[in-house]
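> Provided below for reference: sequence and predicted model.
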Amino acid sequence: MTFILQNIIDALSLGSLYALIALGIGLIFGIMRLMNFAHGELMMLGAYALFFTVGQPQAVMALIAIMFVVAIAIIMERVAFRPLRGANPATLLIASFALAYFIQHLVLLIFGARPKSVNFFFELSEFFVVGGLRIPKLQVATIVLTVLLLVGLVLFFRRSSIGMQMRAAAEDFEMARLVGVRANTVIAIAFSLSGALAAVVSLLYVIQTGTLSPGMGISLVLVAFVATVIGGMGSLVGAAVGGMIVGVLTVALQAVLPIELRPYRDAAVFALLIGFLLVRPQGLLKGRAAKERV
Amino acid sequence: MLALDDVKVSYSNILALRGVSLHVETREIVAVIGPNGAGKSSLLNSIAGAVQIVGGAIRFEDSPIAGKSPEDLVRLGVSLVPEGRRIFAGLSVWENIRIGAVARKDRAAISQDIERVLETFPVLQERLKQPAGKLSGGEQQMLAISRALLARPRLLLIDEPSLGLAPLVVDEVYRAVGELREGGVTVLLVEQSATRALQFADRIYVLNTGAIVMSGSSDELRNAADFEDAYFGYGTSSQ
């Protein structure tokens, strides 16, 4: 029983992390039809921001990391993606790949390939002991933070004027502009939110692993890409659900697979992706963005 | 108020508008009619900024507006009710109306305007909280017009208001558009239904294969012997 509960908490925690990454990607895709692979580099840069602010109070480190990543996300949109606005999704995808590799190798060039370690909110790696259950504080923090961010996002989209404009733009971008929604504002806010989510993920990731490296974003963003496809591209709820499913599946496979098969755990996740692309390419929740723009 | 001079629009090197010139005076209701594929929607989209022109000039209240973004044109006073309504299906009816006022800051006046459009289209009042995608075609058309009106346009562009609607609903839509003129709004609409346009508009332009082939007051065109030929493109008529 303890084993099952332990795994459920692990699954929810990992699923939450993936859901946050998938949400960051889904936000941009919903509005621009851009699958932003450079989202992984935003997470990586967030971690480096923490590394360079060591010595400051931890809350200040977190705040600087979030502000830095949001600023980079806005610059990314302005410099790399705005000139390509209206281009077809394949062009945008390739541009995001190019940007991701550029940022990654720039960091590699400047700071080197060696992973660095950061001591950040180390106290969260302690455990609560409930019954026979050892629950890492970080896992609880991850789940609570994800729930709070999800509720915050829902309120933002439902209650605020700019949230309403973003929903309209995600549905029909051209029509939204025809009623007066400012394209640049909506896209800049989408990138800011996406950047903030990426920064939160880098905080959680660094707390968990204590390390960072130039290549850390790629594996995270690939998993989130799988989550976005499974959940339904263009649907924010779908992105969150997809992230949770991938997290749960990963932990479940880790728990039940014999040790010699565990290295193939990720292969099973990608097999699920292929299955979805073959059988239900629109994902579990079909987003309005699944429609082609005309 | 609005003047188009030799406007050309092309898609992939195919000219959809081949040098269109027309003008609309303040408080007029002008209709552009023509068969399917004549270039009517391209015409309205080019004025609203959704399509860039490749030649000619568009002036609104004596200022050139070609090349301006759709969101800037809304702020200048030009609003489009597009073909197929294109309401935001996932937003509620209220949100669809409210988003029409996104360029405005005068909250009190916005509330009054919302009340006013709901008086004009009472059927929307009962459905404010419903997703707009659940509305019937006629209700969606009323919603699309309401949304455009919330921007307080001085020039309202309406693309095929009668398309796919039952005749009674079309009557209601046209009644509402007629009321707009009383409120000082100038209307440029495009229609496939010549009968409707002739009943309703002050002046008519007939567009065929991307060019104006005939124009005049509704009375003049109703009595013109070659009107049908011009509409269907059987011959080229003089303007």
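Sure thing, it's come through.
> chain A contacts on chain B?
B:48-50, B:69-71, B:74-75, B:79-80, B:82, B:86, B:88-91, B:95, B:98-100, B:102-103, B:147-148, B:151 (C-beta under 8 Å from any C-beta of the partner chain). (Each C-beta comes from the backbone N, C-alpha and C, glycine too.)
> report the buried members of the residues you listed.
Among the residues of chain B next to chain A, those buried by neighbour count (16 or more other C-beta atoms under 10 Å in any protein chain shown) are B:48-50, B:70-71, B:74, B:79-80, B:82, B:86, B:88-91, B:95, B:98-100, B:102-103, B:147-148, B:151.
> among these, name the ones in helices.
With DSSP state H as the criterion, helices contain B:48, B:70-71, B:74, B:95, B:98-99, B:147-148 from among these.
> now the two most distant members of these.
B:48 and B:95 (21.4 Å; C-beta to C-beta).
> give me the residues contacting whichever helix in chain B runs longest.
The longest helix of chain B (DSSP H) is helix B:167-182. For helix B:167-182, the surrounding residues in contact (C-beta atoms under 8 Å, 6 or more residues apart in numbering or on different chains) are B:27, B:29, B:120-121, B:137-138, B:141-142, B:145, B:149, B:156, B:158, B:161-162, B:165, B:187, B:189, B:196, B:200.
> buried residues in that helix?
For helix B:167-182, burial by neighbour count (16+ other C-beta under 10 Å) applies to B:169-170, B:172-174, B:176-177, B:180.
> shouldn't residue A:18 be within a helix?
Yes: counting by DSSP: H, G, I helix; E, B strand; the rest coil, residue A:18 is part of a helix.
> ignoring the adjacent residues along the chain, who's closest to it?
residue A:243 (3.7 Å; C-beta to C-beta, 6 or more residues apart in numbering or on different chains).
> correct me, but that neighbour touches residue A:227?
Yes: proximity of residue A:243 to residue A:227 meets the contact threshold set by C-beta atoms under 8 Å, at 4.2 Å.
> intersection of neighbour lists for those two?
Here residue A:243 and residue A:227 share the contacting residues A:18-19, A:21-22, scored by C-beta under 8 Å, 6+ apart.
> look at the residue nearest the centre of chain B and give its secondary structure.
Nearest to the geometric centre of chain B sits residue B:158, at 1.6 Å (C-alpha atoms, centre = their mean). When classified by three-state DSSP, residue B:158 comes out as strand.
> ok, it touching residue B:190?
Yes: at 7.5 Å, residue B:158 counts as touching residue B:190 under the criterion of C-beta under 8 Å.
> quick check: neighbours shared by those two?
Listed as contacting both residue B:158 and residue B:190 by C-beta under 8 Å, 6+ apart are residue B:44.
> contact partners for the residue in chain A that chain B sits nearest to?
Nearest residue of chain A to chain B: residue A:180, at 3.7 Å (C-beta to the nearest C-beta). If a contact means C-beta under 8 Å, 6+ apart, then residue A:180 has B:70-71, B:74-75, B:100, B:102-103, B:151 as its contacts.
> just residue A:156 next, same as before
Residue A:156 neighbours (C-beta under 8 Å, 6+ apart): A:162-163.
> surely it is in a helix?
Yes: counting by three-state DSSP, one finds residue A:156 located in a helix.
> how close does it get to residue A:41?
Applying C-beta to C-beta, to the nearest Å, the value for residue A:156 to residue A:41 is 25 Å.
> swap in residue A:127?
33 Å.
> go on, residue B:183?
Distance from residue B:183 to residue A:41, counting by C-beta to C-beta: 53 Å.
> those two: which is more packed in?
The neighbour comparison of residue B:183 against residue A:41 (other C-beta atoms under 10 Å in any protein chain shown) goes to residue A:41, with 29 against 11.
> hmm, residue A:96 and that one touching each other?
No: Residue A:41 is beyond contact range of residue A:96, at 9.6 Å (criterion: C-beta under 8 Å).
> related to what we said a few turns ago, count the neighbours of the residue nearest to residue A:18 for me.
Neighbour count for residue A:243, taken as other C-beta under 10 Å: 30.
> average pLDDT across the strand or helix carrying it?
Using DSSP states H and E, residue A:243 sits within helix A:236-256. Across helix A:236-256, the average pLDDT comes to 89.
> what residues sit buried inside it?
Neighbour counts using 16+ other C-beta under 10 Å place A:236-253 of helix A:236-256 among the buried residues.
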